[in-house]
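Participant: After the sequence you'll find the predicted model.
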There are 6 protein chains.
Amino acid sequence: MRPSGRTVSQIRPVTITRNFTCHAEGSVLIEFGNTKVLCNATVEEGVPRFMKGQGKGWVTAEYSMLPRSTHTRSQREAARGKQGGRTLEIQRLIARSLRAAVDLKLLGENTIILDCDVIQADGGTRTASITGACVALVDAINHMRGKGLIKTNPLKHMIAAISVGIYQGTPVADLEYLEDSEAETDMNIVMAEDGRLIEVQGTAEEAPFSFDEMQEMLELSKHALRELFDAQKAALN
Amino acid sequence: MRPSGRTVSQIRPVTITRNFTCHAEGSVLIEFGNTKVLCNATVEEGVPRFMKGQGKGWVTAEYSMLPRSTHTRSQREAARGKQGGRTLEIQRLIARSLRAAVDLKLLGENTIILDCDVIQADGGTRTASITGACVALVDAINHMRGKGLIKTNPLKHMIAAISVGIYQGTPVADLEYLEDSEAETDMNIVMAEDGRLIEVQGTAEEAPFSFDEMQEMLELSKHALRELFDAQKAALN
Amino acid sequence: MRPSGRTVSQIRPVTITRNFTCHAEGSVLIEFGNTKVLCNATVEEGVPRFMKGQGKGWVTAEYSMLPRSTHTRSQREAARGKQGGRTLEIQRLIARSLRAAVDLKLLGENTIILDCDVIQADGGTRTASITGACVALVDAINHMRGKGLIKTNPLKHMIAAISVGIYQGTPVADLEYLEDSEAETDMNIVMAEDGRLIEVQGTAEEAPFSFDEMQEMLELSKHALRELFDAQKAALN
Amino acid sequence: MRPSGRTVSQIRPVTITRNFTCHAEGSVLIEFGNTKVLCNATVEEGVPRFMKGQGKGWVTAEYSMLPRSTHTRSQREAARGKQGGRTLEIQRLIARSLRAAVDLKLLGENTIILDCDVIQADGGTRTASITGACVALVDAINHMRGKGLIKTNPLKHMIAAISVGIYQGTPVADLEYLEDSEAETDMNIVMAEDGRLIEVQGTAEEAPFSFDEMQEMLELSKHALRELFDAQKAALN
Amino acid sequence: MRPSGRTVSQIRPVTITRNFTCHAEGSVLIEFGNTKVLCNATVEEGVPRFMKGQGKGWVTAEYSMLPRSTHTRSQREAARGKQGGRTLEIQRLIARSLRAAVDLKLLGENTIILDCDVIQADGGTRTASITGACVALVDAINHMRGKGLIKTNPLKHMIAAISVGIYQGTPVADLEYLEDSEAETDMNIVMAEDGRLIEVQGTAEEAPFSFDEMQEMLELSKHALRELFDAQKAALN
Amino acid sequence: MRPSGRTVSQIRPVTITRNFTCHAEGSVLIEFGNTKVLCNATVEEGVPRFMKGQGKGWVTAEYSMLPRSTHTRSQREAARGKQGGRTLEIQRLIARSLRAAVDLKLLGENTIILDCDVIQADGGTRTASITGACVALVDAINHMRGKGLIKTNPLKHMIAAISVGIYQGTPVADLEYLEDSEAETDMNIVMAEDGRLIEVQGTAEEAPFSFDEMQEMLELSKHALRELFDAQKAALN
């Protein structure tokens, strides 16, 4: 039934490549099938002004799609002079999610910036960004520990994210673009590795969804997220 | 336990005043306790460029907080030269939600714009905006029908929205600012009057939340949303 | 002769509601007939950079019209990415006028910001803004004195403002939109309560005006401004 | 008493140089003492969108100060990314004033743009701009007539502008910077050559001014404006 | 002498990977040692407004560095709200250069956009961009021919670009970042495959350079550019 | 052969007027025939943030064309809200070139800003800007020395710039607009008075150029630049 022939719970092949670029303190290329996102983590001393003097660190994120990461070219946001609403919405989600993975007090007055740049898009770029950024975050933290910038590991738990949705009446996991563009409902789920939820965003695209359908989608996500946590761990070893 | 002495499921007094201003095709002041949002609906002929030639209409929304709607003054976005990420995220949510209430084909090539301006904020401004904007939308639709711009009512169902959250370990409905700023989890739920979901957005603010807690919050919202649908109906009669 | 049946010198009913919102240090809704402006005064410690170190305070203002405060919707300036020339011109006028009411030395290094947001427009929004903002300013000053931020009252005198113009060849006071849009000449007059002038701005819209006509308009304004000073006083008692 | 030794009614030497640059349809350098403004008039076919289809023309203006036209360098507005409030206020004044000189119906669907760029500033740049722009406007109109773009002269009357103010308690005409920066009151008057008023803008800088003082300033302006109309005529012959 | 041990005329290993992403009509990853640039070519029907109606096509380019393509993170231009001067200067150079490779008349009223996004920077990003973009351009042209959008090949000749400079007193080819940041002179040369020049930009960074030194640098570039033309050809076969 | 009847090596009459305006520390109007650029030098204490604490000064530049300096009016960049790519490219060239004339260490922590505003354009505005700005720079340096801000003259050498190009197959010097708009190749050369090169920028407009043609253009520039150095010296004596 699915365009790719996948089963409803089957996610696409996930590849996580660390040290993809050489300058960043953490640099991860994450691939969910044809979706490819470069997640670079930067460590900067100091915190933004609104955080100063609290003895705490900060984790933030920026998201962008290369103009031709999509079927038709989208205008470059730098040329347009501002980031679009979708971009801001997504990077706020990524930042909130990653902050939930870190004990900001243990980070000291340092900032970690996660740049998620979509090289190629085929659905699920925001959830791939979160999943890949968490690996880059770990590398950045290890870099900080190696340099003696922090003593205690501020990572509270790994996080990962997956999209689920209702496609042709059936809940499916990890929608690719063809499914996503026709899905009745679209839901993004960010989970901590202990199984608790960080963020749930479900949107009725074509038709409202019932509490039961929501339940089914949540269930479906659990298995997929397990696989993602395994892929993260494998990459980090 | 709650600062206001409300029970966990008790929402604040809701007041819906139609025709609050005289120029808009729909003009609603909605109050959830101290939260006051002016929702003006504007009918314009034609649709945005990306919708042209499809014989369908469009529903969109804009959201803003007056600079001193909050405890401390926030900078005016027009003076700053751009809308912030939170503003864009909220107005995208309002627009998506209201579009889910309308059959765009029956709207013809017309646009309805919902301007939600927060006069006074005390938590729950986005859910109040959605709930109030739906009433303004109905007035705008009636205006269009009165003028013969459309023949068939394009409203598919009323929608309403409520915030629920976990405050001091307990799920509560309709958080006011004091609760919201300390909540462990914050969830906004947009529902159609038939009980199905339009949008669910849950965020772990302090700590991840379990699937069970999410279930409890969803349950809590059902009752609150019933009251809101009643308040909308009373206002429209 | 006037659309409303008013006499040439008759101003519209003026209502001044204090404490219209709950967070601002001064919050006034002023109504001139159908024109309704919310004037919020905010007290902030410190002064803008160009005023630092002079031991003096600052008074400034911002003005905005809600998109649907007018007959047809105007684009939201925050969405457009900048404030228009008319907005800047008006808020500069409001700020200059209110600064003329305050002894900045007695204000200490504090700033008072007057946010004038037009809820509904029917002509005369800038003069209503000035008249209402002066009441909000008094409330903000009283708040500062109550908190011990300042010892001596920095208010030099109340100020108020009115529009006069030549409509169908005759000078009239307090033009509503129908008159304003057809007036030959439009003049805004800001006065101190001792009868001296703070600002006079007269513009030939359709035809130049003579020195005598200007004289007549100035005379007409005196009576109207007296009524406004009385309304301010009544509101403040 | 005046820094320059001028009498209260004495204006600075005024020089009007036509054809100052070679490309514009009208190009005037106007000098009021050390104040030097280049006023270029451009004729463009067509009108802005909001004027289309009315069979009428449009007259507009832009104003700018070169960064080092003043004692200390001011930031270039193009580099800052927006025109300041003062700039917009002044160019709106120039445009309104010049529009009052032209019968837009006789202009046909053409636009005249008046660019007023301050080369050197010493007070009175906005009034010099208006006075010089009117000469450039005449040259542009003559250019149009020469080219057969219009048949009837759309000029209704010449206009000119002067600043007057109260300096050390005494009304004086044509304030230079040293006076302007200390003036108690500052007033700009735009007049048609028949002696009627186009625009009057009086501002209390240090202290409110009485109706009598306003009267004195208006009187003072009449003589100065006569001289300006003479200078314009001399330049055009 | 060179940090890498290269001879003065030796360029870094060059790798050209076609079809690096799947959506663009031409997609090339070009690597000059550690410098990696993704060059995507997009074909769009139609031309920009200023080119309409001439029966000719258009070739343009955009350039960007990912925030963490460099040693320290640079601010994202989309977040800053505008493209910097260096970015604009480089993308104008890329566009001019590529336009010199195409007969715009044979392109018909179509536009080819070359997006050059630097994934990793180690000196010479603009010359790598030009060299890689020319290969992507060829793929885009072949795509157009395959689709029947154009009949005749509009490519006039391949172009390639190299940086040369004076490092520690000696002219060297293909400077990497360590050399570039200390070079006395920096020169970028864009050449057509017939050996003629498209663009020469030489800049004295530390000290002026003589006509003889310029001559030496030009000579040095010839050999390097030959290698690049060979690499392009190899990639295209 | 040339529209002006000039020989291939003949430059237009060059006029350099110092003290053109009265406020700037250096103010030069430079004319190359009909091209007229006002170059104002401003001295400011302190340096930009990225230069702080190095004990060195900074030299920067800004460039602009008055909207009607050209045949048809170009939009004012301040009104458009940003500087165009051409403007940024040119002002970066001017700034780099002038920095090459100054020993920044001897300048102390001071900044010199060179504002080059084109009053009238007829080709060669960037090279005229550089040549004129160097004279204004000398005046600003002399001002600093007169005020005791610096003790040693930080000027390393005068610099001047000229455009050369290939027009109708023949290399010519100092192209005016008519030639420039049709030139096959356009080259700008910035030279120090000792004959060494500061910047060389050659662009193939219509057709690639050979190494020999480049050589010819470089030769042609030498004579022209000699004349410019003489004109600078004459102006400074």
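Facilitator: Great, that's in hand.

Participant: For burial, what's the neighbour tally of the residue nearest to residue A:208 when sequence neighbours are not counted?
Facilitator: Residue nearest to residue A:208 in three dimensions, not counting chain neighbours: residue B:196, with 3.5 Å by CB to CB, 6 or more residues apart in numbering or on different chains. (Each C-beta comes from the backbone N, C-alpha and C, glycine too.) The number of residues packed near residue B:196 is 17, by other CB atoms under 10 Å in any protein chain shown.

Participant: what sits against residue B:196?
Facilitator: Contact analysis of residue B:196 by CB atoms under 8 Å, 6 or more residues apart in numbering or on different chains lists A:204, A:207-210.

Participant: Of those, keep whichever come out buried.
Facilitator: Among these, those buried by neighbour count (16 or more other CB atoms under 10 Å in any protein chain shown) are A:204, A:208-209.

Participant: Dump those to TSV, plus secondary structure, distance to residue B:178 and pLDDT.
Facilitator: Shown next, in TSV, are the buried ones among the contacts of residue B:196 (DSSP: H, G, I helix; E, B strand; the rest coil; distance: CB to CB, whole Å; pLDDT from 0 to 100):
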residue	secondary structure	distance to residue B:178	pLDDT
A:204	strand	32	95
A:208	coil	32	95
A:209	strand	32	96
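
Participant: Which one of these is nearest to residue E:4?
Facilitator: For the buried ones among the contacts of residue B:196, the residue nearest residue E:4 by CB to CB is residue A:204; the value is 57.3 Å.

Participant: Is it correct that the closest one is in contact with residue B:156?
Facilitator: No: in this structure residue A:204 lies outside contact range of residue B:156 using CB atoms under 8 Å: 11.3 Å.

Participant: Between these two, which contacts overlap?
Facilitator: residue B:100.

Participant: what helix or strand is residue A:139 on?
Facilitator: helix A:125-146 (DSSP states H and E).

Participant: Check which residues of that helix are buried.
Facilitator: For helix A:125-146, by 16+ other CB under 10 Å, it's A:125-141, A:143-144.

Participant: To what extent is residue A:231 buried, counted in neighbours?
Facilitator: With neighbours defined by other CB under 10 Å, the count for residue A:231 comes to 20.

Participant: Correct me if wrong: it contacts residue A:14.
Facilitator: Yes: under the criterion of CB under 8 Å, residue A:231 makes contact with residue A:14 at 4.7 Å.

Participant: where do the contact lists of these two overlap?
Facilitator: Residues touching both residue A:231 and residue A:14 by CB under 8 Å, 6+ apart: residue A:131.

Participant: sorry, back to before: closest to residue C:23 among the contacts of residue B:196?
Facilitator: Using CB to CB, residue A:204 is the member of these that lies nearest residue C:23, at 34.9 Å.

Participant: Who are the contact partners of the closest one?
Facilitator: The contact partners of residue A:204, taken as CB under 8 Å, 6+ apart, are A:184-185, B:100, B:196-199.

Participant: If we use 6 Å, what do you get?
Facilitator: Residues near residue A:204 by CB atoms under 6 Å, 6 or more residues apart in numbering or on different chains: A:185, B:100, B:198.

Participant: ok, now how distant is the most centrally placed residue in chain A from residue A:223?
Facilitator: Centroid-nearest residue in chain A: residue A:130, 1.4 Å away (criterion: CA atoms, centre = their mean). Residue A:130 sits 18 Å away from residue A:223, going by CB to CB, to the nearest Å.

Participant: Please apply the same query to residue A:22.
Facilitator: Here residue A:22 is placed at a distance of 36 Å from residue A:223 (CB to CB).

Participant: that's a strand at residue A:21, yeah?
Facilitator: No: under DSSP: H, G, I helix; E, B strand; the rest coil, residue A:21 sits outside any strand and is assigned coil.

Participant: what about it, how many residues close to it?
Facilitator: Neighbourhood size, residue A:21 [other CB under 10 Å]: 18.

Participant: sorry, back to before: the residue nearest to the centre of chain A touches residue A:161, doesn't it?
Facilitator: Yes: using CB atoms under 6 Å, residue A:130 is in contact with residue A:161, at 3.9 Å.

Participant: For these two, list the residues in contact with both.
Facilitator: Taking CB under 6 Å, 6+ apart as the criterion, residue A:130 and residue A:161 both touch residue A:190.

Participant: Determine the longest helix present in chain A.
Facilitator: With secondary structure taken from DSSP state H, chain A has its longest helix at helix A:211-236.

Participant: angle of the helix holding residue A:139 against helix A:211-236?
Facilitator: Using axes from the mean of the first three to the mean of the last three CA atoms, to 10 degrees, the inter-axis angle of helix A:125-146 relative to helix A:211-236 is 40 degrees.

Participant: So is helix A:125-146 next to chain B?
Facilitator: No: using CB under 6 Å from any CB of the partner chain, helix A:125-146 never reaches chain B; the gap is at least 13.0 Å.

Participant: Any residue of the next helix or strand after that helix touching chain B?
Facilitator: Scanning forward in sequence from helix A:125-146 by DSSP H and E, the next helix or strand is strand A:159-167. No: with CB under 6 Å from any CB as the criterion, chain B is not reached by strand A:159-167; the gap is at least 8.8 Å.

Participant: Residue of chain A nearest chain C, please.
Facilitator: Distance from chain C to each residue of chain A (CB to the nearest CB) is smallest for residue A:82, at 7.3 Å.

Participant: quick one, phi/psi of residue A:118?
Facilitator: Per-residue torsions, residue A:118: phi -80, psi 120 (degrees, to the nearest 10).

Participant: distance between the ends of stretch A:204-212?
Facilitator: End-to-end distance of stretch A:204-212 (CA to CA, to the nearest Å): 14 Å.

Participant: Next: stretch A:181-188.
Facilitator: One end of stretch A:181-188 to the other measures 15 Å (CA to CA).

Participant: Pull the distance from that stretch to the chain's centre.
Facilitator: The chain centroid and the centroid of stretch A:181-188 are separated by 17 Å, computed with CA atoms, centre = their mean, to the nearest Å.

Participant: got it, and stretch A:130-150?
Facilitator: Mean C-alpha position of stretch A:130-150 versus that of the full chain (CA atoms, centre = their mean) differs by 16 Å.

Participant: near chain E, anything from that stretch?
Facilitator: No: residues of stretch A:130-150 are not located near chain E by CB under 6 Å from any CB, the shortest gap being 10.0 Å.

Participant: Now do that stretch: everything it contacts.
Facilitator: With CB under 6 Å, 6+ apart as the test, stretch A:130-150 has contacts from A:16, A:25-26, A:28, A:30, A:37, A:39, A:41, A:43, A:94, A:97-98, A:108, A:112, A:114, A:116, A:155, A:158-161, A:190, A:228, A:232, A:235.
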